[in-house]
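Undergrad: this one's sequence-less:
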């Protein structure tokens, strides 16, 4: 069905994709540099985002703003979770390791970040992986409160 040339090109592509992380590590002196990522997160109690990249107003009309810091692969349980009708913003304060394609702030519906059938998760992506990149403005999906947070980068 496929010509031998197509199969050869697919094989070469597969080798390249699998070798890319190894080549990146060699370029950086044998190991990926940087990481773990961290971010400053702000949860607003009552705000509907006007657009994904439009930050909530800071005049109090977006409700109470609660700030906390999170780090990659560490579960953080803030004093106030994100409920339906609220909004979340975040800004990276430390970069992930080199070669990382992207990072997300991940919210968990329970008081912990364990993977269980009843602990729903939802992610909001950052615009990039450099310090200062933001996730803009994200609203909570309806029907669930988000009570624990972490950064996941891949």
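TA: Nice, I can see it. Keep in mind that this is a model prediction, so the values were computed, not measured.
Undergrad: Name the nearest residue to the residue positioned nearest the centre of the chain, sequence neighbours excluded.
TA: Per CA atoms, centre = their mean, the C-alpha nearest to the average position across the chain is that of residue 104, at 0.7 Å. Spatially, and ignoring its direct neighbours in sequence, residue 104 is nearest to residue 123 (3.8 Å; CB to CB, 6 or more residues apart in numbering). Where you see a C-beta, it was placed from the backbone N, CA and C, and this is true even at glycine.
Undergrad: Same question for residue 70.
TA: Residue 70 sits nearest to residue 76 (CB to CB, 6+ apart), 4.5 Å away.
Undergrad: Is the one you found in contact with residue 90, as I believe?
TA: No. Counting by CB atoms under 8 Å, residue 76 does not reach residue 90; the two are 11.6 Å apart.
Undergrad: Low-confidence ranges, this protein, go.
TA: In the prediction, the chain carries residues with pLDDT under 70 at positions 1-32.
Undergrad: at 80 instead, please
TA: Flagging of the chain using pLDDT under 80 yields the residue ranges 1-33.
Undergrad: re earlier: roughly how far does the residue nearest to the centre of the chain sit from residue 132?
TA: From residue 104 across to residue 132, the span is 17 Å (CB to CB, to the nearest Å).
Undergrad: just residue 126 next, same as before
TA: Taken as CB to CB, the span from residue 126 to residue 132 is 10 Å.
Undergrad: what does residue 114 give?
TA: 31 Å.
Undergrad: Remind me which helix or strand residue 67 belongs to.
TA: strand 65-71 (DSSP states H and E).
Undergrad: Going by contacts, tell me the helices and strands next to that strand.
TA: Under the contact criterion of 3 or more CB pairs under 8 Å, 6 or more residues apart in numbering; DSSP states H and E, strand 65-71 touches strand 38-44, strand 87-94, strand 148-153.
Undergrad: Please report the number of neighbouring residues for residue 77.
TA: 14 (other CB atoms under 10 Å).
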